[in-house]
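*Asks:* Give me the fold of what follows.
(2 chains)
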Amino acid sequence: KAGVTQTPRYLIKTRGQQVTLSCSPISGHRSVSWYQQTPGQGLQFLFEYFSETQRNKGNFPGRFSGRQFSNSRSEMNVSTLELGDSALYLCASSPREGRNTEAFFGQGTRLTVV
Amino acid sequence: TQLLEQSPQFLSIQEGENLTVYCNSSSVFSSLQWYRQEPGEGPVLLVTVVTGGEVKKLKRLTFQFGDARKDSSLHITAAQPGDTGLYLCAGGSSNDYKLSFGAGTTVTVRA
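*Replies:* This next block holds a predicted model:
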């Protein structure tokens, strides 16, 4: 079974621009979550989608948004980029069965804002 | 907010030695996961524990979930250089659809 695929792997953007990151979950997984990882803050939850509905959102400004499509693929968008948005953005998919909330991560997209 | 504290933050040991990493919280979790992450890559799931008091073994790795489902430990026996990486614990709740991560323990195993 193929794993979680994130594209692109690396991205360099300029302050003020916007960026869209893509995530294809494991086949059959309907839940997709996004996390931001930085050396200072560790892994921080951005949002979670299930069947095209956002069920939870982390404490990030409105510049961060996402969506999920009917095939469970997901995108996240960051507008008006700031230097502090430089991070590894990780997508995770989950089967969400019962109490088990384990997540399977992609390799991430390394975003650098200059 | 569910906070997970991991200790120690850094661990450097010689090949063949044993090590233990701890993950503690004041919150109860419906499940707890341990991941290992290498630089520039996403975290790789090692194990999931869901039952208080549960012990799982994965080759030289032993994972325990506390009776009250608030804490966990990861023990590695006879560590090898391939065990080097960032170990992360993450607690999940079936109600809020997210994982709360600890800050991680960076483990270095010297040959």
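
*Asks:* Who are the contact partners of the closest residue to chain B within chain A?
*Replies:* Residue of chain A nearest chain B, by C-beta to the nearest C-beta: residue A:101 (2.9 Å). Every residue, glycine included, has its C-beta placed from N, CA and C. Neighbouring residues of residue A:101 by C-beta atoms under 8 Å, 6 or more residues apart in numbering or on different chains: A:94, B:30, B:31, B:33, B:92, B:93, B:94, B:97, B:99.

*Asks:* and the third one, what are its bridge partners?
*Replies:* The residues paired with residue B:31 through beta bridges, assigned by DSSP bridges, are residue B:92.

*Asks:* ok, now how distant is it from residue A:45?
*Replies:* Residue B:31 is 16 Å from residue A:45, where distance means C-beta to C-beta, to the nearest Å.

*Asks:* Considering the contacts of residue A:101, which possesses the most neighbours?
*Replies:* Of all the contacts of residue A:101, the highest neighbour tally under other C-beta atoms under 10 Å in any protein chain shown goes to residue B:99, namely 29 neighbours.

*Asks:* For burial, what's the neighbour tally of the closest residue to that one other than its chain neighbours?
*Replies:* For residue B:99, ignoring the flanking residues on the chain, the nearest one in space by C-beta to C-beta, 6 or more residues apart in numbering or on different chains is residue B:90 at 4.2 Å. For residue B:90, the count of nearby residues is 26 (other C-beta under 10 Å).

*Asks:* hang on, isn't residue B:90 packed against residue A:105?
*Replies:* No - using C-beta atoms under 8 Å, residue B:90 makes no contact with residue A:105, being 10.4 Å away.

*Asks:* Which neighbours do the two have in common?
*Replies:* residue B:35.

*Asks:* Run through the residues that contact the residue of chain B at minimum distance from chain A.
*Replies:* Closest approach of chain B to chain A (C-beta to the nearest C-beta) occurs at residue B:92, with a separation of 2.9 Å. Residue B:92 is in contact with A:100, A:101, A:102, A:103, B:29, B:30, B:31, B:32, B:33, B:98, B:99, B:100, counting by C-beta under 8 Å, 6+ apart.

*Asks:* Much appreciated, bye for now.
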